[in-house]
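J.: whatever this is, show me its structure:
(one chain, ligands or ions: 1)
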Amino acid sequence: MSYFHELGLAEPILRALQVKGYTDPSPIQRQAIPALLEGRDLLGIAQTGTGKTAAFSLPSLHRLAQDPKPRQNAGCRMLVLSPTRELAAQIADNMRGYAKFLNLTIQCIFGGVPVGKQARALERGVDILVATPGRLLDLIDQRALTLKHVEIFVLDEADQMMDLGFIVPLKRVANMLPAGRQSLFFSATMPQAIADLGRQFINNPVKVEVAPQSTTAERVEQFATSINQAEKQALLTLSLRAGLADDAAENATHGAIDRALVFSRTKHGADRIVRHLVAAGIPAAAIHGNKSQAQRTAALGGFRQGAIRVLVATDIAARGIDVSGVSHVYNYEIPNVAEQYVHRIGRTARAGATGVAISYVAPDEKPYIRDIERLTRIKLEPLALPEDFQNQAARLPAPARPAPAQPQGSGRGQGGGRSGGQGGRGGQRSDRPQGDRQAAGGEEGERKRRFRPRGPKGLGAHKGAVRRAG
Ligand code: AMP
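T.: Model prediction:
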């Protein structure tokens, strides 16, 4: 019998949890679920990885199922807003699992895919809608969606929403929500500006705070290697090669790699890292705002299944990626905001596991490390270069050169093409905030420069070299 039954959740939900294999509620679930079942508003200070999705989903599903209502055309009873496509898709997937034995419909909408199909899916109304803000407002403006029937509203990752410039869209949403609804507001951090935003949504909330950021940081072994920017690629390739080798447990300096997530500051940089790794025989994929939705889904799927054990991501694309078994996080560039470092290393050491984070620190990045150490109150352990680093580096193969950037719209040899919803696409409006377009711009505004490797294109081409994890 699971301890979830003590929280008063309905039987079909308990059954779904059993199927998932959850026995104990996590701290945020234990604190939040009773208050949410009573219909209270909630202010949650929690990161992804704490079980917050179930914390807001389980009581909401319970309340919706206990009070069945007919669907309203273009309406929804519960609205969950998420800053990125990946997180939205993940939340919807999780909710479908929890609602497996309930008669509730769940729809997920985000930018980067055609809007028409999403509008049609909303015609007869749905029970639960998970959305990114830009696409949500598009559908509202097209009169394909109304918020007037919302009973439960969840704003997830509010701090990330602010970083992505969603403040005006969120204010619009706040004005459209009916007064009597229940509101849940989650953020990993709660500076004044976020607290002010929260006040627009929540009323007399129960406050729940879990896993202060240092807790994750303490479970991760953290190393820093001083290295020139120009040598980082060689070091990464050699480090991954050693960590992924069959004898890695004995020989790699920082343990065998199950899955590694590499953070690059720029989208172009992420692509370049992947090209180098692939040239060196290490299957890898990049995930960032210039990738099409299909490419992102394929990359994440391959990573989840272990077909690709190295994923190179920009911060925004990686936000909320929920993959268990990320054993190593590499900071190819050091984030200049210390909180971002904590978010990054939080991708490993999930669910109580331990992980390894390795930062490559160029001379001009040293001040960022000092900020990080001040925030986490943990000193990064120096990790020396391998003894014969220069020799090994000299023997690494050069990657295929990227194809020269094509003039806009030529599309020649572009494979999946540019991702939709990122501005400038024929016929699409690019003058208003839209979830994923903002996300892409927020990364580093590289929209115009697009390079594709001449050799392997996309994931399919890597498959031959892919090694399955055991
Ligand atoms: P979240 O913070 O919502 O992204 O959840 C992090 C991960 O923990 C997800 O993979 C969930 O499926 C999983 N999870 C959530 N609640 C529980 C629980 N009570 N027991 C075990 N796993 C859980």
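J.: can you tell me the element Ile194 falls in?
T.: For Ile194, the host element (DSSP states H and E) is helix 192-199.
J.: ok, now Gly281?
T.: Counting by DSSP H and E, Gly281 is part of no helix or strand.
J.: ok, back up a step: what's the distance between the helix holding Ile194 and the middle of its chain?
T.: Remark: helix 192-199 is offset 22 Å from the chain centroid, using Cα atoms, centre = their mean, to the nearest Å.
J.: just the mean pLDDT for it, thanks.
T.: Helix 192-199 shows a mean pLDDT of 90.
J.: same question for stretch 312-322.
T.: The pLDDT scores in stretch 312-322 average 76.
J.: helix or strand right after the helix or strand where Gln18 lies?
T.: Per DSSP H and E, Gln18 falls inside helix 11-20. With elements assigned by DSSP H and E, the helix or strand that comes after helix 11-20 is helix 27-37.
J.: packing partners for that next one?
T.: strand 42-45, helix 52-66, strand 206-209 (3 or more Cβ pairs under 8 Å, 6 or more residues apart in numbering; DSSP states H and E). Yep, even glycine has a C-beta here, placed from its N, CA and C like the rest.
J.: turn the ones you listed into a markdown table, including mean neighbour count, distance to Met78 and mean pLDDT.
T.: As requested, these are arranged in a markdown table below (neighbours: other Cβ atoms under 10 Å; distance: least, Cβ to Cβ, whole Å; pLDDT from 0 to 100):
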| stretch | mean neighbour count | distance to Met78 | mean pLDDT |
| --- | --- | --- | --- |
| strand 42-45 | 24 | 14 | 95 |
| helix 52-66 | 24 | 6 | 97 |
| strand 206-209 | 16 | 18 | 93 |
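J.: between those, which one is nearest to the ligand?
T.: Proximity to the ligand (Cβ to the nearest ligand atom) singles out helix 52-66 among the helices and strands packed on helix 27-37, at 3.1 Å.
J.: report the angle between the next helix or strand after that closest one and helix 52-66.
T.: Later in the chain than helix 52-66, the nearest helix or strand by DSSP H and E is strand 76-81. Interaxial angle of strand 76-81 relative to helix 52-66 (axes from the mean of the first three to the mean of the last three Cα atoms, to 10 degrees): 170 degrees.
J.: tell me if strand 76-81 is near the ligand.
T.: No - with Cβ under 6 Å from any ligand atom as the criterion, the ligand is not reached by strand 76-81; the gap is at least 11.7 Å.
J.: and that strand, how far out from the chain middle?
T.: With Cα atoms, centre = their mean as the basis, the mean position of strand 76-81 lies at 20 Å from the chain mean.
J.: now the helix or strand where Ile140 lies: average pLDDT?
T.: Per DSSP H and E, Ile140 falls inside helix 133-141. What helix 133-141 shows for mean pLDDT is 97.
J.: check which helices and strands that helix sits against.
T.: Counting contacts by 3+ Cβ pairs under 8 Å, 6+ apart, helix 133-141 packs against strand 76-81, strand 106-109, helix 115-122, helix 167-176, helix 435-444.
J.: with only the CA atoms kept, save it in PDB.
T.: Provided in PDB are the C-alpha atoms of helix 133-141 (Å, rounded to 0.1, in the frame of the first residue of the first chain):
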ATOM      1  CA  PRO A 133       2.500  31.500 -23.100                       C
ATOM      2  CA  GLY A 134       3.100  32.700 -26.700                       C
ATOM      3  CA  ARG A 135       1.100  29.900 -28.300                       C
ATOM      4  CA  LEU A 136      -1.600  30.200 -25.700                       C
ATOM      5  CA  LEU A 137      -2.100  33.900 -26.500                       C
ATOM      6  CA  ASP A 138      -2.000  33.200 -30.200                       C
ATOM      7  CA  LEU A 139      -4.900  30.700 -29.800                       C
ATOM      8  CA  ILE A 140      -6.800  33.100 -27.600                       C
ATOM      9  CA  ASP A 141      -6.400  35.900 -30.200                       C
END
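J.: that helix relative to helix 115-122, how many degrees between them?
T.: 70 degrees.
J.: would you mark the buried spots in helix 133-141?
T.: Pro133, Gly134, Arg135, Leu136, Leu137, Asp138, Leu139, Ile140 (16 or more other Cβ atoms under 10 Å).
J.: roughly how far is the helix or strand just after that helix from the heart of the chain?
T.: Later in the chain than helix 133-141, the nearest helix or strand by DSSP H and E is strand 152-155. Centroid separation between strand 152-155 and its chain, computed with Cα atoms, centre = their mean, is 19 Å.
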